[in-house]
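Colleague: This is the structure alone, sequence omitted:
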């Protein structure tokens, strides 16, 4: 990045991870436009599909240990409607400025804002099982 005279600090880099193949063109256009208008780095995100407060770890004997001291598994408040909503980067779209990359941040999430992806199709391909689900889903979409 040091001697690239053809790149300006305001130029944007669009990153589309191949492990999230079901992103929408509308979301891509919207996140680029929002990045331009707000002059901010953005990353797509989604709501966790189930309340994070229920999360637990398993040991070698398949015993579970809740991750949070106020876990519904401990308190008995298991109504999912009463749980806090959490979000995660979904890996589908990132927009970062060249200038921000020169600032030596430790992560592209530093000084970036989340962008809520509207697409209802979300398969994060991290395993062979995920890949097969994506292929099967893709085939169903093409049949319609």
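Modeller: Yes, it's here. Keep in mind the model is a prediction, meaning the values are calculated, not measured.
Colleague: check contacts around residue 57.
Modeller: Going by Cβ atoms under 8 Å, 6 or more residues apart in numbering, residue 57 touches 64-65, 67. Any C-beta I mention is one placed from the backbone N, CA and C, and that applies to glycine too.
Colleague: Quick check: of these, which lies closest to residue 21?
Modeller: Within the contacts of residue 57, the smallest distance to residue 21 is 30.0 Å, found for residue 67 (Cβ to Cβ).
Colleague: What distance do you get for the residue nearest to the closest one when sequence neighbours are not counted to residue 132?
Modeller: Excluding the flanking residues, the one nearest residue 67 by Cβ to Cβ, 6 or more residues apart in numbering is residue 55, at 4.5 Å. From residue 55 across to residue 132, the span is 26 Å (Cβ to Cβ, to the nearest Å).
Colleague: that older thread, any chance of the contacts of residue 57 in TSV, plus neighbour count?
Modeller: Listed next are the contacts of residue 57 as TSV, based on neighbours: other Cβ atoms under 10 Å:
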residue	neighbour count
64	12
65	10
67	13
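Colleague: Nearest to residue 101 among those?
Modeller: Nearest to residue 101 among these, with distances taken as Cβ to Cβ, is residue 67, at 33.5 Å.
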